[in-house]
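S.K.: no FASTA, just this:
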């Protein structure tokens, strides 16, 4: 009886895990999961498409490879400072910044960062939710242009 209950619980956990993974992968916006060292542990196809990398290229690499030139050299220091102090400068917030594609060109994105709770107290994970602002900024410029001409 305990064995069948345990099997049902394990099945429910696996089912929930597959659902979460499917949602992560299906997102139309780029998503990254990194560990406390900035190493990419999970990425979806929208991220691969925007940044022009294969999943294989991104997995196991440092997230700084897609951080725009303004912050790339200091990204690891930012993460370590947060881990040491707990002071949230970017964590839990959204901000606009430049991100770098594989070909070196930069794209303006909105980045939202969150720390992900895990059952393992020694493991700290983070998710980056990215929205490409290219279309929005183009539309804003067009509206301003029309307003000036009106």
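M.R.: That came in fine, so what should we check first? Computed from a predicted model, the values in this text were never measured in an experiment. Numbering: from 1, shown residues only.
S.K.: what about whichever strand or helix holds residue 15, average pLDDT?
M.R.: Secondary structure assignment for residue 15, by DSSP states H and E: helix 2-26. Average pLDDT, helix 2-26: 84.
S.K.: just checking, residue 27 touches residue 42?
M.R.: No - Residue 27 lies out of contact with residue 42 (CB atoms under 8 Å); the separation is 11.4 Å. Bear in mind the C-beta positions are built from the backbone N, C-alpha and C, glycine included.
S.K.: neighbours around residue 89, how many?
M.R.: Applying other CB atoms under 10 Å, we find 12 residues neighbouring residue 89.
S.K.: give the helix, strand or coil label for it.
M.R.: coil (DSSP: H, G, I helix; E, B strand; the rest coil).
S.K.: ok, now which ones touch it?
M.R.: The contact partners of residue 89, taken as CB atoms under 8 Å, 6 or more residues apart in numbering, are 78, 82.
S.K.: how about the helices in the chain?
M.R.: Per DSSP state H, the chain carries helices over the ranges 2-26, 45-51, 55-58, 75-85, 134-149.
S.K.: quick one: closest of these to residue 104.
M.R.: Taking CB to CB, helix 45-51 is the member of the helices of the chain nearest to residue 104, at 11.2 Å.
S.K.: which secondary structure elements does that closest one contact?
M.R.: If you count contacts as 3 or more CB pairs under 8 Å, 6 or more residues apart in numbering; DSSP states H and E, helix 45-51 packs onto strand 31-35, helix 55-58, strand 125-132.
S.K.: mind listing what residue 75 touches?
M.R.: 38, 63-64, 67.
S.K.: what's the closest of the residues you listed to residue 46?
M.R.: Relative to residue 46, the closest of these is residue 63; by CB to CB it sits at 15.6 Å.
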